[in-house]
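Undergrad: what shape does this take:
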Amino acid sequence: MYYYPTGPQAQIIDKYTQEEIGIPGLVLMEKAAETLASEIEKKINTCEGEDKLFGFRKDRDKILAVAEGGNNGGDAIAAARILKAKGYDTYIYEINGIKKQSESYIKQVSIAKNLGVKFISPDLSVEDVFDDFRIIIDGIFGVGLTRDVTGIQKEVVAKINLSASKNPGPFVIAVDIPSGICSTTGKVLGEAVKCDMTVTFQYIKYGMLLGAGRENSGEIICTDIGLYKPETPADFEKILTQYSIEKPVYIRCEYDGAEVLEKLPSRKADSNKGSYGKVLILAGSKDVYGALYLSAEACYRMGAGLVKVVTDIRNRDLLMEKLPEAMCLTYNSDNDDDENESFILKYKEVVDWADVILAGPGLGTSKMSRNLLYKLMDFCTEGHKIILDADALNIISQDDCESLFRNLSERIGIGNVVITPHIMEMVRLRESLGNGPSLEEEMSKKGYDNKTIFVKDNALELVQRFSDEFGIICILKDARTIIGGGSHLKQGYPVIYINTTGNNGMSTGGSGDVLSGITASILAQTRGVDKCKTYEAACIAVNLHGRAGDIVRDEKGERSLLAGDIISALSRVVSQ
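TA: Down below sits the predicted model:
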């Protein structure tokens with residue numbers, strides 16, 4: 001399992017490693033510097049074609065470590081010293097903008113001077129420092145930064161960025177995290193270094209996955225330097241509690257590839273189509289067909305045994321042509337078949353038949369769509385699992401989503417309701433909450449005037465609120481999808497799943513419909529499987545969806561990626 005700590009959490013891990021495990025801080029710094037120097041050398045030796053470092057020569061090109069007086073500066077100085085020992089022409093520029101320097105930093109400065117590493121004169125103007133170097137190592141600030149970058153440090157950061165923007169400009173490498181990026185939010189604190197690569201130690205920090213943090217980090221290389229690694233969220237919670245961190249402190253984690261495949265339900269020789277679950281999909285309308293098809297095919301391709309679709313009669317022939325494996329129950333939206341007694345009886349029968357229900361893709365928000373959705377939720381009983389996606393969420397957000405979610409969850413079981421909003425759908429859901437301050441009041445209190453940005457910046461809290469208050473699993477889709485609802489893990493601290501698979505080529509119509517189909521399929525196949533609960537199945541679905549998108553990106557590029565391509569790559573993902 002991967003963990004994505006914030007700055008304070010990373011500092012606790014470092015402290016625990018030194019105080020409880022017994023590894024001295026200077027030893028950890030030396031290891032960090034060795035891995036940093038190694039990754040820099042590896043980058044130099046593997047650059048090709050248009051890469052900034054292509055053609056780098058030891059006898060001609062220079063490397064500069066820019067350091068402030070904290071431990072990040074010590075890492076950068078030690079790396080410069082190690083690279084000098086390897087034959088590189090290295091220099092150190094001390095900013096000296098803070099009064100108190102760490103003991104480890106002072107020690108590394110002394111060692112570097114004793115070994116003849118060249119220090120740039122402090123009398124040299126900032127204007128004249130950076131342009132002559134092919135590589136700049138950013139060791140100004142680390143994960144502990146909480147204030148805006150100001151003064152001489154801000155001036156230095158701006159000059160590094162200006163120099164790097166030139167053609168040719170230096171290749172900029174951050175130590176652990178780009179200076180000026182908040183390790184908790186990913187926001188720029190006044191001014192931040194724009195890096196080509198970040199070498200981070202033991203853990204990718206959460207702020208590097210979001211917004212400006214993601215953009216400014218460039219290529220992220222995560223290296224092992226011997227820091228403590230918790231095996232479970234409970235282990236992480238233990239050390240957070242030990243060092244008296246106030247709740248709620250979110251434990252951000254992600255399954256690695258081996259865990260994802262291990263948790264997938266196995267296929268058995270002695271099985272039949274009923275062994276892999278029955279999925280009912282309420283989707284499509286007289287105007288929209290594609291979403292229905294993408295969800296249904298993804299559901300089958302992911303391994304569900306049986307899929308039955310409830311949709312407008314206009315979609316029947318197209319579905320049978322494109323996906324003859326699917327069964328169908330149709331209504332005629334022009335004739336108010338939702339009030340037809342015969343149809344309602346059949347509708348209830350197929351709900352009773354299903355193990356998992358997916359509602360919403362392409363459904364529309366008409367009166368008939370509303371009636372079909374609410375009847376569906378009324379028909380659901382204990383043991384059903386239901387995924388509410390797309391227009392199902394838009395319909396619910398027009399009403400009292402609070403009572404609807406709570407009542408549905410109580411009726412079919414805590415943790416058996418999954419919602420999959422994207423950012424704007426989450427905005428609408430948040431607006432429909434009647435308990436507590438309104439969205440506008442909360443935005444005003446926190447200084448926001450844009451609803452979308454508010455939801456993005458407060459995603460963790462919103463996801464956990466929907467999960468905790470209503471007993472549901474919330475998949476908030478974005479560039480970094482997050483999933484809340486891991487209450488079955490029985491942690492004192494909220495467990496949030498952060499998904500890092502996928503790419504911007506997946507920002508295309510139908511990608512979310514594919515995800516909902518994958519999620520329904522995995523839920524159907526994991527009925528009664530102890531090793532994969534509903535929350536874990538949702539996390540796996542998001543992870544696999546992103547992995548499939550990454551396969552397509554590597555084959556076709558990000559611009560040419562279509563939602564249907566993601567479906568075609570699923571078989572290769574699960575066989576990796």
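Undergrad: what separates residue 15 from residue 21, distance-wise?
TA: 10 Å (CB to CB, to the nearest Å). For the C-beta atoms, the positions are set from N, CA and C on the backbone; glycine is no exception.
Undergrad: who's more crowded, the two?
TA: residue 15 (15 against 10; other CB atoms under 10 Å).
Undergrad: my guess is the more buried one is in a helix, correct?
TA: Yes - judged by DSSP: H, G, I helix; E, B strand; the rest coil, residue 15 forms part of a helix.
Undergrad: who touches it in this structure?
TA: Contacts of residue 15 were listed using CB atoms under 8 Å, 6 or more residues apart in numbering, and they are residue 243.
Undergrad: what about the strands in the stretch 1-150 of the chain?
TA: For the stretch 1-150 of the chain, the strands defined by DSSP state E, counting those that start in this stretch occupy 2-3, 62-67, 89-94, 118-119, 135-139.
Undergrad: next: the stretch 301-450 of the chain.
TA: Under DSSP E, counting those that start in this stretch, the stretch 301-450 of the chain gives strands at 306-312, 327-331, 356-359, 385-388, 417-419.
Undergrad: residues near the nearest residue to residue 571 once chain neighbours are set aside, how many?
TA: Excluding the flanking residues, the one nearest residue 571 by CB to CB, 6 or more residues apart in numbering is residue 301, at 7.0 Å. Number of residues near residue 301 (other CB under 10 Å) recorded here: 20.
Undergrad: touching, residue 429 and residue 397? I think so.
TA: Yes - counting by CB atoms under 8 Å, residue 429 touches residue 397, with 4.9 Å between them.
Undergrad: neighbour count winner among these two?
TA: Between residue 429 and residue 397, residue 429 has the larger neighbour count (other CB under 10 Å), namely 24 against 21.
Undergrad: got a pLDDT number for that one?
TA: In this prediction, residue 429 carries a pLDDT score of 97.
Undergrad: need the contact list for it.
TA: 393, 396-397, 401, 419, 421, 466.
Undergrad: before we move on, what about residue 191?
TA: 148-149, 154, 157-158, 180.
Undergrad: from the residues you listed, which is closest to residue 128?
TA: Nearest to residue 128, judged by CB to CB, of these is residue 158 at 14.5 Å.
Undergrad: burial measure for the closest one, as a count.
TA: Neighbours of residue 158 (other CB under 10 Å): 14.
Undergrad: next, the contact list for it, please.
TA: residue 191.
Undergrad: state whether it is indeed within a helix.
TA: Yes - judged by three-state DSSP, residue 158 forms part of a helix.
Undergrad: pLDDT score for it?
TA: 96.
Undergrad: can you check the one 3 residues further on too?
TA: For residue 161, the pLDDT comes out at 96.
Undergrad: sorry, back to before: surely the residue nearest to residue 571 meets residue 569?
TA: No - taking CB under 8 Å as the definition, residue 301 is not a contact partner of residue 569, at 9.6 Å.
Undergrad: which parts of stretch 439-457 are buried?
TA: 439, 442-443, 448, 451, 454-457 (16 or more other CB atoms under 10 Å).
Undergrad: which residues of the stretch 101-250 of the chain score low on pLDDT?
TA: Scanning the stretch 101-250 of the chain with the threshold set as pLDDT under 70 gives 246.
Undergrad: distance check, residue 221 against residue 271.
TA: Relative to residue 271, and taking CB to CB, residue 221 is found at 43 Å.
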